[in-house]
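Asker: Sequence and predicted structure, then a few things I'm wondering about:
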Amino acid sequence: MSTDSQSGVERTLEEAIAGYLDHIAVERGLATNTVAAYRRDLARYERWCRSRGSTQISLIGPQQVAEFAGSLRRGDDGEPALSAASAARVVVAVRSFHRFAALEGWSRDDPAAEVTPPAIPRRLPKALPYASIERLIEATPDPATAVGARDRALVEMLYGTGTRISEVVALDVDDFDLEAGVVTVTGKGNKQRRLPVGGSAVRTVQDYLVRSRPVLAQGARGRRRPGAALFLGVRGGRLSRQGAWEVVRTAAAAAD
């Protein structure tokens, strides 16, 4: 952890962002496309702060971060207005950056800690009302079992983020930032996007990761088959698209 603040070294916002980007690229090993997305979002933040005379990270306060978050939906200083989902993605990037900067000692406090992303409309199939989604989640197997915990986490991720089944089964553990409440999804054309994840889904996935994924990783014959996949099948390998569809179909039948 850095001791810059204790030694009297002041970091500019631009320097701090560069340090954070190095951290997520080198130490956390995030994908190149993901790092590029963080770079774009934080560049917008840096331009906004600089236009208001804020170039030192230690001088940025909660009010300024909140004002920036509010500017995203309406557009400001020649920047385009963003959708709720895109604005939430930028706020998540700013929150992650400031949390890291505070831990590094580049600022006394985390000015973004209380700034929340804008609410995002739930992206659900029109034929499936929200009440049905709740029944579907409740219809998954007993979450006290490894498979049941996995299935509940899978269904919550599908309907809480609006992702496709093929995208969810392709997720790796490192794609999910539990602390920030965001998941990096790779879609068609290898295009990546970062999606905020609701608190309920975060808790469900966290419970699955802690208690159930290690059980599934052992495989049906007790042989440990570690891998990067977030969702595992009973043999310890990545859950297939067909397997995920079966989870949804079974839960839907039980919910009827």
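Answerer: Nice, I can see it.

Asker: what number of residues lie near residue 32?
Answerer: Number of residues near residue 32 (other C-beta atoms under 10 Å) recorded here: 9. For every residue, glycine as well, the C-beta is placed using N, CA and C.

Asker: how close does it sit to residue 228?
Answerer: Distance, residue 32 to residue 228, using C-beta to C-beta, to the nearest Å: 16 Å.

Asker: And residue 143, by the same measure?
Answerer: When distance is defined by C-beta to C-beta, residue 143 is 24 Å away from residue 228.

Asker: And these two? Which one has more around it.
Answerer: Between residue 143 and residue 228, counted using other C-beta under 10 Å, residue 143 has the larger neighbour count: 20 against 10.

Asker: Check the more buried one and give its pLDDT.
Answerer: On pLDDT, residue 143 comes in at 78.

Asker: My read is that it contacts residue 154, right?
Answerer: No: applying C-beta atoms under 8 Å, one finds residue 143 not in contact with residue 154, separated by 11.6 Å.

Asker: hey, what's in contact with both of these two?
Answerer: Here residue 143 and residue 154 share no contacting residue, scored by C-beta atoms under 8 Å, 6 or more residues apart in numbering.

Asker: just the strands in the protein please.
Answerer: 176-177, 182-186, 192-196 (DSSP state E).

Asker: tell me the angle of the last one relative to strand 182-186?
Answerer: Think strand 192-196. Between strand 192-196 and strand 182-186, the angle comes out at 150 degrees (axes from the mean of the first three to the mean of the last three C-alpha atoms, to 10 degrees).

Asker: List the pairing partners of strand 192-196 within its sheet, with orientation.
Answerer: Strand 192-196 pairs in its sheet with strand 182-186 (antiparallel), by DSSP bridges.

Asker: ok, residues contacting the strand it pairs with?
Answerer: Applying C-beta under 8 Å, 6+ apart, the external contacts of strand 182-186 come out as 30-31, 34, 89, 92, 96, 157, 161, 163, 167, 170-171, 175-177, 192-197.

Asker: Any regions of the protein where pLDDT drops low?
Answerer: Counting by pLDDT under 70, the chain has low-confidence residues at 1-9, 119-134, 136, 220-226, 255-256.

Asker: Where do the helices of this protein begin and end?
Answerer: Per DSSP state H, the chain carries helices over the ranges 4-7, 13-22, 32-51, 62-74, 84-103, 130-138, 146-161, 165-169, 199-207, 213-217, 241-255.

Asker: Nice, that's everything, thank you.
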